[in-house]
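In: any chance you can model this:
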Amino acid sequence: MHMRKLILKCLAAVLLLSAGPWPARVTTPKDRLDLAQVFSQMDESARRLKTLSANLEYTKVTVLVNDFSTDTGQMYFRNGKSPDILIDFKSPARKIILFKKDKVEIYQPKINQIQEFDLSKRSSLIQQFLTLGFGSNSRELQEIYEVKYLGEEQLDGVTTALLELTPRDQKLAAQLSKVQLWISEESWLPVQQKFFEAGGDYSIARYSAVKVNRNLPSSTFQIKPPKDVKRIKM
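Out: From the prediction side, this is the model:
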(Lines give C-alpha, C1' and ligand atoms only; values in the text may rest on other atoms or scores of the structure.)
Protein backbone atom coordinates (compact mmCIF):
# COMPACT_ATOMS: atom_id res chain seq x y z
CA MET A 1 0.00 0.00 0.00
CA HIS A 2 2.78 2.42 0.94
CA MET A 3 4.64 1.77 -2.30
CA ARG A 4 1.45 2.15 -4.36
CA LYS A 5 0.73 5.53 -2.79
CA LEU A 6 4.34 6.54 -3.18
CA ILE A 7 4.30 5.72 -6.90
CA LEU A 8 1.11 7.72 -7.44
CA LYS A 9 2.38 10.55 -5.25
CA CYS A 10 5.51 10.92 -7.34
CA LEU A 11 3.86 11.12 -10.74
CA ALA A 12 3.43 12.75 -13.66
CA ALA A 13 2.93 11.09 -15.80
CA VAL A 14 2.92 12.03 -12.31
CA LEU A 15 3.25 13.78 -11.76
CA LEU A 16 -0.54 18.47 -11.06
CA LEU A 17 -3.90 20.46 -10.27
CA SER A 18 -5.40 23.91 -9.67
CA ALA A 19 -8.27 24.51 -7.30
CA GLY A 20 -10.55 25.86 -10.03
CA PRO A 21 -13.69 24.12 -11.30
CA TRP A 22 -13.46 21.29 -13.81
CA PRO A 23 -14.10 22.31 -17.45
CA ALA A 24 -17.26 21.15 -19.13
CA ARG A 25 -16.99 18.38 -21.72
CA VAL A 26 -16.96 19.67 -25.30
CA THR A 27 -18.42 17.39 -27.95
CA THR A 28 -16.24 17.20 -31.04
CA PRO A 29 -17.38 16.31 -34.58
CA LYS A 30 -16.04 12.87 -35.42
CA ASP A 31 -14.44 14.09 -38.64
CA ARG A 32 -12.13 16.42 -36.69
CA LEU A 33 -10.18 13.90 -34.60
CA ASP A 34 -10.32 10.25 -33.77
CA LEU A 35 -8.17 7.98 -31.60
CA ALA A 36 -5.91 6.94 -34.48
CA GLN A 37 -5.16 10.59 -35.29
CA VAL A 38 -4.46 11.39 -31.64
CA PHE A 39 -2.12 8.40 -31.40
CA SER A 40 -0.31 9.44 -34.57
CA GLN A 41 0.38 12.90 -33.17
CA MET A 42 1.44 11.52 -29.77
CA ASP A 43 3.82 9.04 -31.41
CA GLU A 44 5.49 11.81 -33.38
CA SER A 45 5.82 13.91 -30.22
CA ALA A 46 7.32 10.93 -28.36
CA ARG A 47 9.90 10.42 -31.09
CA ARG A 48 11.02 14.04 -30.76
CA LEU A 49 11.03 14.22 -26.96
CA LYS A 50 14.50 14.28 -25.40
CA THR A 51 14.09 16.39 -22.28
CA LEU A 52 11.28 18.22 -20.51
CA SER A 53 10.98 20.58 -17.58
CA ALA A 54 7.76 21.95 -16.12
CA ASN A 55 6.13 23.48 -13.10
CA LEU A 56 4.24 20.82 -11.22
CA GLU A 57 1.16 21.01 -9.02
CA TYR A 58 -0.05 17.72 -7.60
CA THR A 59 -3.15 17.10 -5.48
CA LYS A 60 -4.07 13.89 -3.70
CA VAL A 61 -7.75 13.54 -2.73
CA THR A 62 -8.95 11.15 -0.01
CA VAL A 63 -12.66 10.79 -0.71
CA LEU A 64 -13.81 9.08 2.49
CA VAL A 65 -12.74 11.92 4.77
CA ASN A 66 -13.08 14.64 2.10
CA ASP A 67 -9.44 15.62 2.51
CA PHE A 68 -6.81 16.75 0.03
CA SER A 69 -3.16 17.76 0.01
CA THR A 70 -1.31 19.73 -2.64
CA ASP A 71 2.42 19.80 -3.43
CA THR A 72 3.98 22.26 -5.87
CA GLY A 73 7.40 22.40 -7.45
CA GLN A 74 9.23 21.47 -10.63
CA MET A 75 9.70 18.30 -12.65
CA TYR A 76 12.63 17.41 -14.88
CA PHE A 77 12.54 14.54 -17.38
CA ARG A 78 15.24 13.01 -19.58
CA ASN A 79 14.10 10.41 -22.09
CA GLY A 80 15.90 7.14 -22.68
CA LYS A 81 15.66 3.39 -22.30
CA SER A 82 15.37 4.04 -18.58
CA PRO A 83 14.14 7.66 -18.25
CA ASP A 84 15.52 9.87 -15.49
CA ILE A 85 13.00 11.94 -13.54
CA LEU A 86 13.61 14.42 -10.76
CA ILE A 87 10.73 16.09 -8.91
CA ASP A 88 11.62 19.02 -6.67
CA PHE A 89 8.67 19.89 -4.46
CA LYS A 90 9.09 23.31 -2.84
CA SER A 91 5.75 23.67 -1.04
CA PRO A 92 4.37 23.00 1.52
CA ALA A 93 7.65 21.28 2.50
CA ARG A 94 10.83 20.79 0.48
CA LYS A 95 11.14 17.25 -0.86
CA ILE A 96 13.24 15.99 -3.76
CA ILE A 97 12.37 12.71 -5.49
CA LEU A 98 14.78 11.13 -7.95
CA PHE A 99 13.88 8.20 -10.21
CA LYS A 100 17.02 6.80 -11.82
CA LYS A 101 17.28 3.35 -13.35
CA ASP A 102 15.81 0.90 -10.81
CA LYS A 103 16.15 3.17 -7.81
CA VAL A 104 14.20 5.93 -6.11
CA GLU A 105 15.65 8.38 -3.62
CA ILE A 106 13.46 10.71 -1.55
CA TYR A 107 15.35 13.52 0.15
CA GLN A 108 13.73 15.55 2.93
CA PRO A 109 16.06 18.43 3.87
CA LYS A 110 14.05 19.34 6.97
CA ILE A 111 15.04 16.08 8.67
CA ASN A 112 18.25 15.62 6.63
CA GLN A 113 17.21 12.16 5.48
CA ILE A 114 17.20 10.18 2.24
CA GLN A 115 14.96 7.15 1.80
CA GLU A 116 16.20 4.68 -0.81
CA PHE A 117 13.88 2.25 -2.62
CA ASP A 118 15.06 -0.62 -4.80
CA LEU A 119 12.55 -0.93 -7.64
CA SER A 120 14.39 -3.54 -9.70
CA LYS A 121 11.58 -6.06 -9.24
CA ARG A 122 8.94 -3.45 -10.13
CA SER A 123 10.76 -1.49 -12.80
CA SER A 124 8.26 -2.24 -15.58
CA LEU A 125 5.32 -1.10 -13.43
CA ILE A 126 7.17 2.05 -12.39
CA GLN A 127 7.97 2.91 -16.01
CA GLN A 128 4.30 2.46 -16.96
CA PHE A 129 3.37 5.14 -14.42
CA LEU A 130 6.24 7.54 -14.85
CA THR A 131 6.24 7.81 -18.63
CA LEU A 132 2.47 7.87 -19.06
CA GLY A 133 2.06 10.23 -21.99
CA PHE A 134 5.74 11.23 -21.97
CA GLY A 135 7.81 9.36 -24.52
CA SER A 136 5.59 6.27 -24.46
CA ASN A 137 4.17 5.32 -27.85
CA SER A 138 0.64 4.26 -28.71
CA ARG A 139 1.59 0.60 -29.16
CA GLU A 140 2.97 0.45 -25.61
CA LEU A 141 -0.08 2.24 -24.22
CA GLN A 142 -2.50 -0.15 -25.94
CA GLU A 143 -0.59 -3.19 -24.69
CA ILE A 144 -1.12 -2.04 -21.11
CA TYR A 145 -4.43 -0.15 -21.30
CA GLU A 146 -7.73 -0.16 -23.13
CA VAL A 147 -7.77 3.38 -24.52
CA LYS A 148 -10.84 5.47 -25.36
CA TYR A 149 -10.96 8.91 -26.95
CA LEU A 150 -13.56 10.99 -25.10
CA GLY A 151 -13.39 14.09 -27.30
CA GLU A 152 -11.89 17.56 -27.14
CA GLU A 153 -11.91 19.67 -23.99
CA GLN A 154 -10.81 23.22 -23.23
CA LEU A 155 -8.51 23.37 -20.21
CA ASP A 156 -7.38 26.86 -19.17
CA GLY A 157 -7.64 28.02 -22.76
CA VAL A 158 -5.75 25.03 -24.14
CA THR A 159 -7.49 22.68 -26.57
CA THR A 160 -6.87 19.13 -25.40
CA ALA A 161 -7.72 15.61 -26.51
CA LEU A 162 -9.12 13.67 -23.55
CA LEU A 163 -8.16 10.01 -23.31
CA GLU A 164 -9.36 7.43 -20.81
CA LEU A 165 -7.09 4.47 -20.04
CA THR A 166 -8.28 1.31 -18.28
CA PRO A 167 -5.59 -1.20 -17.21
CA ARG A 168 -5.76 -4.60 -18.91
CA ASP A 169 -3.69 -6.35 -16.24
CA GLN A 170 -5.64 -7.30 -13.12
CA LYS A 171 -2.68 -6.62 -10.81
CA LEU A 172 -2.38 -3.11 -12.15
CA ALA A 173 -6.18 -2.65 -12.08
CA ALA A 174 -6.16 -3.59 -8.38
CA GLN A 175 -4.07 -0.46 -7.78
CA LEU A 176 -5.32 1.87 -10.48
CA SER A 177 -8.87 1.59 -11.86
CA LYS A 178 -8.36 4.11 -14.68
CA VAL A 179 -6.41 7.15 -15.83
CA GLN A 180 -7.56 10.21 -17.74
CA LEU A 181 -5.06 12.16 -19.83
CA TRP A 182 -5.59 15.65 -21.21
CA ILE A 183 -3.24 15.89 -24.21
CA SER A 184 -2.42 19.33 -25.61
CA GLU A 185 -3.26 19.51 -29.30
CA GLU A 186 -0.31 21.88 -29.72
CA SER A 187 2.52 19.88 -28.10
CA TRP A 188 0.75 16.48 -27.97
CA LEU A 189 2.04 16.04 -24.42
CA PRO A 190 -0.07 15.76 -21.25
CA VAL A 191 -1.13 18.98 -19.56
CA GLN A 192 -3.19 17.15 -16.94
CA GLN A 193 -3.48 13.62 -15.61
CA LYS A 194 -6.09 12.15 -13.27
CA PHE A 195 -5.37 8.84 -11.56
CA PHE A 196 -8.30 6.92 -10.06
CA GLU A 197 -7.34 4.44 -7.36
CA ALA A 198 -9.35 1.26 -6.95
CA GLY A 199 -10.53 2.36 -3.50
CA GLY A 200 -12.09 5.58 -4.78
CA ASP A 201 -9.35 8.08 -3.95
CA TYR A 202 -7.75 9.95 -6.82
CA SER A 203 -4.82 12.20 -7.71
CA ILE A 204 -4.74 15.05 -10.17
CA ALA A 205 -1.58 16.41 -11.75
CA ARG A 206 -1.11 19.47 -13.93
CA TYR A 207 1.92 20.76 -15.80
CA SER A 208 2.59 24.40 -16.70
CA ALA A 209 5.46 26.43 -18.17
CA VAL A 210 6.56 23.32 -20.06
CA LYS A 211 9.91 23.51 -21.83
CA VAL A 212 10.87 20.74 -24.25
CA ASN A 213 14.27 19.61 -25.54
CA ARG A 214 16.34 22.19 -23.71
CA ASN A 215 19.77 21.22 -22.46
CA LEU A 216 19.50 19.65 -18.99
CA PRO A 217 22.95 18.86 -17.58
CA SER A 218 23.52 15.56 -15.79
CA SER A 219 23.70 17.47 -12.50
CA THR A 220 19.97 18.19 -12.89
CA PHE A 221 19.31 14.54 -12.08
CA GLN A 222 21.37 14.41 -8.90
CA ILE A 223 20.53 14.99 -5.26
CA LYS A 224 23.24 16.95 -3.46
CA PRO A 225 22.64 16.51 0.28
CA PRO A 226 25.09 17.47 3.05
CA LYS A 227 27.73 14.90 3.96
CA ASP A 228 26.02 14.02 7.24
CA VAL A 229 22.69 13.09 5.60
CA LYS A 230 21.07 9.97 7.02
CA ARG A 231 20.33 7.26 4.42
CA ILE A 232 17.63 4.66 5.04
CA LYS A 233 17.11 1.67 2.76
CA MET A 234 13.40 0.84 2.58
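In: how about the helices in the protein?
Out: With DSSP state H as the criterion, the chain has helices at 2-9, 35-48, 123-130, 138-144, 170-173.
In: need the least confident one among these, by mean pLDDT.
Out: Lowest mean pLDDT of the helices of the chain: helix 2-9, a mean of 42.
In: what is the end-to-end distance of stretch 156-175?
Out: One end of stretch 156-175 sits 30 Å from the other (CA to CA, to the nearest Å).
In: list the buried residues in that stretch.
Out: Val158, Thr160, Ala161, Leu162, Leu163, Glu164, Leu165, Thr166, Pro167, Leu172, Gln175 (16 or more other CB atoms under 10 Å). For glycine as for every other residue, the C-beta is placed from the backbone atoms N, C-alpha and C.
In: okay if I get those as a markdown table plus distance to Ser40?
Out: Shown next, in a markdown table, are the buried residues of stretch 156-175 (distance: CB to CB, whole Å):
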| residue | distance to Ser40 |
| --- | --- |
| Val158 | 20 |
| Thr160 | 16 |
| Ala161 | 11 |
| Leu162 | 17 |
| Leu163 | 13 |
| Glu164 | 18 |
| Leu165 | 17 |
| Thr166 | 21 |
| Pro167 | 23 |
| Leu172 | 26 |
| Gln175 | 30 |
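In: name the nearest of these relative to Trp188.
Out: Ala161 (8.3 Å; CB to CB).
In: just the pLDDT for the closest one.
Out: On the pLDDT scale, Ala161 gets 97.
In: same thing with the one 3 residues further on?
Out: What the model reports as pLDDT for Glu164 is 97.
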